[in-house]
Every structure is written in C-alpha cells, then in structure tokens.
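Colleague: Here you go, sequence then predicted model.
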Amino acid sequence: MAETPDNEARVFSAKTRFQTLARRPGGVPRGRALDNAQNKVEEAKIGFDEWLDVELTELIGWVERAKSGEPVDNWIDAAQFHANQLRDVGTTVGFELLTFIANTLCTILDGIKAGAECNMESLTCHVDSLLLIRQKQYRHLSPDQVPELSRGLYQVAESVSIIPKSGQK
C-alpha cells in the first residue's frame, strides 16, 4: 500500500564542501584567524601609498588614451580592472571616499561597456576626484563629509547606470 504524502515542507541544511572544510578538526580558532586577518590588513597598509599610486597611474593612463582618441583595444576592460581594484580595497584600509568614487566610476564604465555614450567629461571628473585621495587631507574622509562631490558623482553615475533604479523595471 502506498503511503500518503506529507504536505509539510521539510527544511534541511545542505552540507557544502566549504562547511566541511571549515568545521574539520585542527583548524585555526576564530579569534586567531581574525587577528591574523587584521595583521595582514595592517601589513597591506604599509605599502598602500605605492600601490595606490600605481593603480591611479594605470587607470589615468587608460582613460587618457581613450580621451586622446587613439585606437586602444580593450581600454574599457583595463580601466574597469583598475577601478574595481581601487573600489575593492579602499574601505578595507580606511579610505571610504576612495571606495565611493571608484564605485561610481565602475558604474559609469559598466554603462559604457553596455553601450551607453562614453562621456569623457564624466570620466575626467571621476579621475580628478580620485586624485584628491593622494592628498592627505582627503584620505580618511567619508562621502558624507564632502556632500557636494558625492552627490555630483552619484548623479553622473546614475545617468548612465545599467542597473534600474528601485521600483523601475
């Protein structure tokens, strides 16, 4: 005789490979793992100025090549790479404004790659804003401490964003 089906959903947790590895015996205790991570961040901060200069120089170089009109294959990919690098590292080392500016630049570059008009003035504005980060007085500011700059960059990025605004389809 067939059993009657149970109409209630059964909730279960999937055991992933990551969970298995993370929970195996002999791992690093959570506190020590956090300390190790914090130490690595502090080590990274030591060479951050040099890294920032290299990333900004590379990004600016790609934008300048595109502005000059010289045919440069994949300039957008290279510019996106460096903008993403800046965005991804900024807040980790205490540079919230860097992350904000690089994020709005990433939005613009994503829009250009998706077919939006390449507005060189918006790129130049973002590059100039990124150059502020090289100056000590701007390094540790948050976007809300420079509201005019933040609002302007955000509006420029929104104008070419490929992501619909909330509530729109």
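Modeller: That came in fine, so what should we check first?
Colleague: For the residue positioned nearest the centre of the chain, give me its contacts.
Modeller: By CA atoms, centre = their mean, the mean C-alpha position of the chain lies nearest to residue 87, the distance being 3.2 Å. When contacts are counted by CB atoms under 8 Å, 6 or more residues apart in numbering, residue 87 touches 98, 99, 102, 103, 105, 106. Where you see a C-beta, it was placed from the backbone N, CA and C, and this is true even at glycine.
Colleague: Residue 118 touches residue 66, doesn't it?
Modeller: Yes: between residue 118 and residue 66 a contact is recorded at 7.3 Å, counting by CB atoms under 8 Å.
Colleague: looking at the contacts of residue 87, which has the most residues close by?
Modeller: residue 105 (29 neighbours; other CB atoms under 10 Å).
Colleague: where does that one fall, helix, sheet strand or coil?
Modeller: Secondary structure state of residue 105, per DSSP: H, G, I helix; E, B strand; the rest coil, is helix.
Colleague: What distance do you get for it to residue 86?
Modeller: 8 Å (CB to CB, to the nearest Å).
Colleague: what does residue 117 give?
Modeller: Residue 117 sits 23 Å away from residue 86, going by CB to CB.
Colleague: who has more neighbours, those two?
Modeller: Shown here are residue 117 and residue 86; by other CB under 10 Å, residue 86 has more neighbours (23 against 10).
Colleague: Could I get the contacting residues of that one?
Modeller: Residue 86 neighbours (CB under 8 Å, 6+ apart): 52, 55, 56, 59, 98, 99, 101, 102, 130.
Colleague: what residues are up against the fifth one?
Modeller: What it means is residue 98. Residues in contact with residue 98 (CB under 8 Å, 6+ apart) are 52, 86, 87, 90, 91, 130, 133.
Colleague: From residue 60, how far off is residue 29?
Modeller: Residue 29 is 44 Å from residue 60, by CB to CB.
Colleague: More neighbours: which of the two?
Modeller: Neighbours were tallied for residue 29 and for residue 60 using other CB under 10 Å; the higher tally belongs to residue 60 (18 against 8).
Colleague: All set now, cheers.
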